[in-house]
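Chemist: attaching a predicted model along with its sequence, questions to come.
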Amino acid sequence: MSSLSRWIGVLTDPTSFDLYVKYVEQVEPKIGAFLQFDPRLGLRESSSEGPLKGVPFAVKDIIAVKGFPLTCGSRILEGFLSPYTATAVEKLQRAGAVVVGKTNMDEFGMGSSTDTSFYKQTNNPWDLERVAGGSSGGSAAAVASGMVPFALGSDTGGSVRQPAAFCGIYGLKPTYGVVSRYGLVAYASSLDVVGICASSVEITEEVFALIRGKDERDQTSLDTEELYRRKELPGKDARDQASLEAEEASGAQYRGASSGRGGGVRRIGFVSGNLGLDSEVERAYLHTREVCSSLGYEVKPIELSMLEYYAPVYYTIATAEASANLARYTGIRYGYRPEYAENPEELVRKARSEGFGEEVKLRILLGTYVLRSGFQDQYYQRAQRIRTAIRRDFERVFQEVDVILSPVFPTQAFKHGSEGLDPFQQKVADRFTTAANLAGIPALSFPAGLAGGLPVGFQLMAPVFGEELLFQVARRFAEVLPPLNPPSYPSPWS
Amino acid sequence: MDQQELRITAALAYVDLKDEEYEKLAAAVEQMLQYFSKMMEVDIKDLPPTTHALVRENRTRPDQALPFPDTDSLLENAPETEDRFIVIPNIL
């Protein structure tokens, strides 16, 4: 079982520091996970004491770390140095963990392959001809190849869970508002969360416990510490009562785990129907159901009645919010500036036209269009109303089951370039992951063995604040099907 | 969506597109709008909008200035400066 204990002190002891850097130098040229790698810079900003003293971790390049570049995988932020550090990173640094570098990603988080990055290609450690997934592909690949025990990513519609599934690791998308977004560059603000890629359930839990909490600098962050602390109490009644009180105090819009069935996980909802999965993924999904049954859980078939609307609703809302959030990139105060412009307006138009890649332009255009007067009713406002129906559908399902077992993506890691999925197919394939972002609920992608030599992963979803339920099932699942490391990456610490 | 609508949208978004980009992006935008039209099937009559995942009401904070300690680091990110001013092309 992979835990953090073997990683403690790796960067604070000079001998193991050298050994560590040597390992990364040997692995990284094949993987291409990092946009910047500089553990010495990271060491300067970390506490010399704490439970994670000297433990290396990586940060997706959409999350700010002071002194490191912050590019979001985009040319428009070329050369930008972050003047401050994100809250989630700061909390880990205070616990002694060390940022070793910034990881590659799809431009502004828009993609499922990391191939829309302006800077470089990231390869899957299980097969270098394949993508690591996206948009947090660099973070997932860095973990899977043993270069770090965990990495921070961001998940707007599946960007932590899908690469985690492609790389055979764990990927947590927490409940919306539980981890501060301060220092996370905004893509779609009502959907964005900071997430965790990690090599084990235990590490995911430990990192989650360290980074969550209310932050004055993020107005959407929730005060849930009491709630999570009491959820760990023994005794169902005490836990439920505490959860009710704490959820009320947190100001959440609707009740979470306590409104469901309470206590630990007994019943798992298995999404049934024709889900359009690749045959290998389908087979593994059925096998995962069998494993859950063999662990003593009651597995109940459920229907997600809004499933076919997740991706259209998601892309309407996400592009609308993105078009507003990305309006700030003008080339005036920071980032890419064109060589010559006649006047300020031309400067802005040139900076954006030359600085954004094709996928980002597509989403800005779509978002601008669905927000234009005359089209709002048809698209954006309709999507927000259907989002309510999606939330209610989950509330209904969580009256019947404690957690939901669902696919993450209909395929395993696909190949780079034209042999893989085209951009439209990739968007349609987001149908399973986008639900958790639309509903604000937590979801954990976990490795479920290999098929055809490649990892396959599935996700568990729980009511809001129900992360503990996800960890519970994933821990037990790992006893039967433990996570595997790719054969060519003999990290001495994993 | 026709080319004209796409041009208006691009102008609103401050994005200039080359001719070949127009062609490619027009097709991609059209494909997505087709996909969005799936939403027309849903009866939305009694559904209030969800504007934010979990936040119930508007949240405010005290109207207090919190000075950023290192303003030099912000200015150092500007592509072109003169003293503590950011240089842009002439307005007139």
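Modeler: Ah, there it is.

Chemist: in the chain, which residue is most central in space?
Modeler: All of this refers to chain A. When CA atoms, centre = their mean is applied to chain A, the residue found nearest the centroid is A:Val160 (2.4 Å).

Chemist: wait, chain B
Modeler: Mean-position check on chain B, CA atoms, centre = their mean. Result B:Ala13 at 7.2 Å.

Chemist: quick check: phi and psi at it.
Modeler: phi -90, psi 0 (degrees, to the nearest 10).

Chemist: which residue comes closest to it once chain neighbours are left out?
Modeler: Once flanking residues are discounted, B:Ala13 sits nearest to A:Thr368: 4.4 Å by CB to CB, 6 or more residues apart in numbering or on different chains. All C-beta atoms are positioned from the backbone trio N, CA, C, and that covers glycine.

Chemist: neighbours of that neighbour, just the number please.
Modeler: A:Thr368: 24 surrounding residues under other CB atoms under 10 Å in any protein chain shown.

Chemist: for the helix or strand in which it is found, which helices and strands make contact with it?
Modeler: A:Thr368 belongs to helix A:358-371 when assigned by DSSP states H and E. The elements that helix A:358-371 packs onto, with contact taken as 3 or more CB pairs under 8 Å, 6 or more residues apart in numbering or on different chains; DSSP states H and E, are helix A:310-325, helix B:3-12, helix B:19-36.

Chemist: of all those, which lies closest to B:Thr50?
Modeler: helix A:310-325 (9.1 Å; CB to CB).

Chemist: check which helices and strands that closest one sits against.
Modeler: Partner elements for helix A:310-325 (3+ CB pairs under 8 Å, 6+ apart): helix A:358-371, helix A:382-400, helix A:423-428, helix A:434-439, helix B:19-36.

Chemist: in chain B, what residue comes closest to chain A?
Modeler: Distances between chain B and chain A by CB to the nearest CB are smallest at B:Ala53, namely 3.1 Å.

Chemist: and the closest residue to A:Asn437 other than its chain neighbours, what's its pLDDT?
Modeler: Closest residue in space to A:Asn437, ignoring its immediate chain neighbours: A:Leu191 at 4.2 Å, by CB to CB, 6+ apart. Confidence at A:Leu191, expressed as pLDDT, is 97.

Chemist: go on, B:Gln64?
Modeler: pLDDT at B:Gln64 comes out at 92.

Chemist: gap between it and B:Glu76?
Modeler: 27 Å (CB to CB, to the nearest Å).

Chemist: neighbour count winner among the two?
Modeler: For B:Gln64 versus B:Glu76, the count of surrounding residues by other CB under 10 Å is larger for B:Glu76: 12 against 5.

Chemist: give the contact list for the closest residue to that one other than its chain neighbours.
Modeler: Nearest in space to B:Glu76, with sequence neighbours left out and distances taken as CB to CB, 6+ apart, is A:Leu81 at 7.1 Å. By CB atoms under 8 Å, 6 or more residues apart in numbering or on different chains, A:Leu81 lies in contact with A:67-70, B:73, B:76-77.

Chemist: buried ones only from these, please, as a PyMOL command.
Modeler: The PyMOL selection below is limited to those of the contacts of A:Leu81 classed as buried (16 or more other CB atoms under 10 Å in any protein chain shown):
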select buried, (chain A and resi 67+68+69+70) or (chain B and resi 77)
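
Chemist: going by distance to A:Ile203, which of the contacts of A:Leu81 wins?
Modeler: A:Phe68 (22.4 Å).

Chemist: show me what the nearest residue to that closest one once chain neighbours are set aside is bridged to.
Modeler: Distances taken as CB to CB, 6+ apart place A:Lys102 nearest to A:Phe68, at 5.4 Å, with adjacent residues excluded. On the basis of DSSP bridges, A:Lys102 is bridged to A:Gln36, A:Val59.

Chemist: test my guess that A:Lys102 contacts A:Leu41.
Modeler: No: with contact defined as CB atoms under 8 Å, A:Lys102 does not reach A:Leu41; the gap is 10.6 Å.

Chemist: those two - which one has more neighbours?
Modeler: A:Lys102 (28 against 17).

Chemist: now do the contacts for the residue nearest to the centre of chain B.
Modeler: So B:Ala13 contacts A:323, A:327, A:352, A:364-365, A:368 (CB under 8 Å, 6+ apart).

Chemist: most neighbours, which of those residues?
Modeler: A:Ile364 (28 neighbours).

Chemist: confirm for me that it is in contact with A:Asn325.
Modeler: No: with contact defined as CB under 8 Å, A:Ile364 does not reach A:Asn325; the gap is 9.8 Å.

Chemist: shared neighbours of the two, which are they?
Modeler: What both A:Ile364 and A:Asn325 touch, as defined by CB under 8 Å, 6+ apart, is an empty set.

Chemist: and the host helix or strand of A:Ser154, which residues are buried?
Modeler: Element membership for A:Ser154, per DSSP H and E: strand A:150-155. Within strand A:150-155, the residues that count as buried by 16+ other CB under 10 Å are A:150-155.
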